[in-house]
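Asker: Sequence and predicted model, in that order:
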Amino acid sequence: MTFVTMPKSGTLALNEESRRLAGRGRTVYRFGFGESPFPPPRHVQKALRKSTFRKDYTTVAGLPELRARIADFHSEADGYAINAEQVLVAPGSKPLLLNCMQAFEHAEVYLPAPAYVSYANMAKLARHPLIRIQTSYTDRWRITPEALEAAIARHSQPGREKVLALNYPGNPDGLTYSRAELQALAATLRRHDVWALSDEIYALLHHQGRHVSLASIYPERTLVSTGLSKWCGAGGWRLGALILPASAPAELRDALIGLGSEVYSCAPTPVQVAALAAYQLDKRTHRFLRAQRQILSGIGGAVHRALLAAGVKAHAAEGGFYLLCDFSGYADSLRKRDIQGDTALCARLLAETGVALLPGSKFGLPAEALTARLAYVDFDGAAALSSQRAKEGILPHAEKMLTGIAALDSWLN
Ligand code: PLP
């Protein structure tokens, strides 16, 4: 008998190991799992409570009024026109991303390294060849038009659609693309008719509130994925959305609906109703977003400075809640301690200090590059929001994480 080889998603596996250690009384600095620390706004929680009686299935694409609400919300937030017909709702953005890949009968998937862990396995499930585009610390982990061009020239085959999965602000790097960088990339995408799968799930958590959607620059072939998991602190509620190009072929939409109908039927109806309350770009939402951004950039900045002081290289985060740590400066001293490769590094670090990081190789980086992702979300988001509202300092909320970085520092040095 043979079965699909599909290891459990790296982030989930690490979270379970961290929980196991914590269950045995160990202090674990949970930098491994990228879950929003913030609770969904009260009025959104209330809307969910009030809609539990909604036991009906919706259409596969989602409630028409929610799709219209999401279209209006993102038209305003991202500055380009979107209509409800372009929006599909699903239980999380992951099934939508997978279905996007599966919707193409013959495709080749281009993926930056580093990139979000799940894309490579999604491409594998969809049986598409995967082409990695390596980036570097010096290039701020960004892919350049030249690198994309070279990858296409080397690997593209006739009869296959080209799909690029791009995610910014990024998991695992916390970095984004500027408008100029996106324009330059779009020129290459356009030249080769590449479909861009633009995972903008962290867009609203751009620390300065200045996210630029690729769809506003390359509308003809950009599929934007987004949802409530990050900006609304509702990962477990499972609500994702996909924004298709206005000019998307009907066959693409039909394929996505068909795949959704066989796999998930619809997003949970009570959650869709609650999402109607979330997707309003009113004063409340602006206030909630502003508070999260201030907290994340304040705490992210403090953690980043502590890492630099410990001699770990990392670029300051621009959005979301991740930092990509580069331990290559410690390669010799780690080798002397019999630590080679990022998996060994993270395993020893967790066992000996309780600091949980996720190896960069999970994101497609070479193991010997000695990188690891740090998610700076091990704090009480509700308490941080109260402090922010009361105009108190938010840095006390970073204390546990700073203790973790101090443990990392003494382990390294
Ligand atoms: N895309 C990226 C880049 C993520 O980091 C995550 C969650 O960690 C997801 C997608 C999954 O989102 P959802 O909860 O909408 O399935």
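Answerer: Sure thing, it's come through.

Asker: Check which residues of the one helix or strand Thr285 maps to are buried.
Answerer: Secondary structure assignment for Thr285, by DSSP states H and E: helix 283-309. Neighbour-count burial for helix 283-309, with 16 or more other Cβ atoms under 10 Å as criterion, is recorded at 285, 288-289, 291-293, 295-304, 306-307. Every residue, glycine included, has its C-beta placed from N, CA and C.

Asker: Also stretch 67-78?
Answerer: Buried, per 16+ other Cβ under 10 Å, within stretch 67-78: 67-74, 77-78.

Asker: Just name whatever secondary elements the helix holding Thr285 is in contact with.
Answerer: On a contact count with 3 or more Cβ pairs under 8 Å, 6 or more residues apart in numbering; DSSP states H and E, helix 283-309 meets strand 322-326, helix 381-389, helix 399-412.

Asker: can you give me the angle it makes with strand 322-326?
Answerer: 10 degrees (axes from the mean of the first three to the mean of the last three Cα atoms, to 10 degrees).

Asker: mind listing the strands for the chain?
Answerer: Along the chain, the stretches classed as strands by DSSP state E are 29-30, 87-90, 107-113, 130-134, 161-167, 195-199, 222-227, 240-243, 322-326, 355-356, 358-359, 371-375.

Asker: tell me the angle the third one makes with strand 195-199.
Answerer: When you say that, I think you mean strand 107-113. Using the same axes, to 10 degrees: strand 107-113 against strand 195-199 is 40 degrees.

Asker: Show residues contacting strand 107-113.
Answerer: Contact with strand 107-113 is made by 101, 119-120, 123, 126, 128-135, 141, 143, 148, 151-152, 155-157, 160-166, 194-195, 363-365, as judged by Cβ atoms under 8 Å, 6 or more residues apart in numbering.

Asker: Can you give the strand pairings for that strand, parallel or anti for each?
Answerer: strand 130-134 (parallel), strand 161-167 (parallel) (DSSP bridges).

Asker: do the same with the first one
Answerer: Paired neighbours of strand 29-30 in the sheet (DSSP bridges): strand 355-356 (parallel).

Asker: How far off centre is the partner strand?
Answerer: 20 Å (Cα atoms, centre = their mean, to the nearest Å).

Asker: Apart from its chain neighbours, what residue comes closest to Ala246?
Answerer: Gln86 (5.9 Å; Cβ to Cβ, 6 or more residues apart in numbering).

Asker: can you list the residues of the stretch 151-300 of the chain near the ligand?
Answerer: Listed as neighbours of the ligand in the stretch 151-300 of the chain under the rule Cβ under 6 Å from any ligand atom: 167, 171, 199, 201, 227, 229, 235, 240.

Asker: Just put those in a markdown table and tack on distance to Thr52.
Answerer: Putting those into a markdown table (distance: Cβ to Cβ, whole Å) gives the following:
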| residue | distance to Thr52 |
| --- | --- |
| Asn167 | 33 |
| Asn171 | 32 |
| Asp199 | 31 |
| Ile201 | 26 |
| Gly227 | 21 |
| Ser229 | 21 |
| Gly235 | 19 |
| Gly240 | 21 |
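
Asker: Quick check: the farthest pair among the residues you listed?
Answerer: Within those, Asn167 and Gly235 form the most distant pair, 15.8 Å apart (Cβ to Cβ).

Asker: between these two, who's got more neighbours?
Answerer: Asn167 (24 against 16; other Cβ atoms under 10 Å).

Asker: so what's the closest residue to the more buried one other than its chain neighbours up against?
Answerer: Leaving aside its sequence neighbours, Asn167 sits nearest to Asp199 (Cβ to Cβ, 6+ apart; 3.8 Å). By Cβ under 8 Å, 6+ apart, Asp199 lies in contact with 93, 97, 116, 165-167, 225.

Asker: who wins for most neighbours among the residues you listed?
Answerer: Ala165 (26 neighbours).

Asker: Across the sheet, point out what pairs with that one.
Answerer: Where Ala165 sits in a bridge, its partners, by DSSP bridges, are Leu197.

Asker: From here on, call the first residue 678.
Answerer: Sure, I'll start counting at 678 from here, so that last one is Ala842.

Asker: Would you confirm that Leu882 contacts Tyr845?
Answerer: No: using Cβ atoms under 8 Å, Leu882 is not in contact with Tyr845; the gap is 11.4 Å.

Asker: Which neighbours do the two have in common?
Answerer: In contact with both Leu882 and Tyr845: Gly996, using Cβ under 8 Å, 6+ apart.

Asker: These two - which one has more neighbours?
Answerer: Neighbour count, other Cβ under 10 Å: between Leu882 and Tyr845, Tyr845 has more, with 29 against 23.

Asker: my read: that one touches Ser855, true?
Answerer: No: using Cβ under 8 Å, Tyr845 is not in contact with Ser855, being 9.9 Å away.

Asker: what sits against Gln811?
Answerer: 790, 824, 1042-1043.

Asker: before we move on, back to that, can you add mean neighbour count and give the helices and strands packed on helix 960-986 back as JSON lines?
Answerer: Shown next, in JSON lines, are the helices and strands packed on helix 960-986 (neighbours: other Cβ atoms under 10 Å):
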{"stretch": "strand 999-1003", "mean neighbour count": "24"}
{"stretch": "helix 1058-1066", "mean neighbour count": "16"}
{"stretch": "helix 1076-1089", "mean neighbour count": "17"}
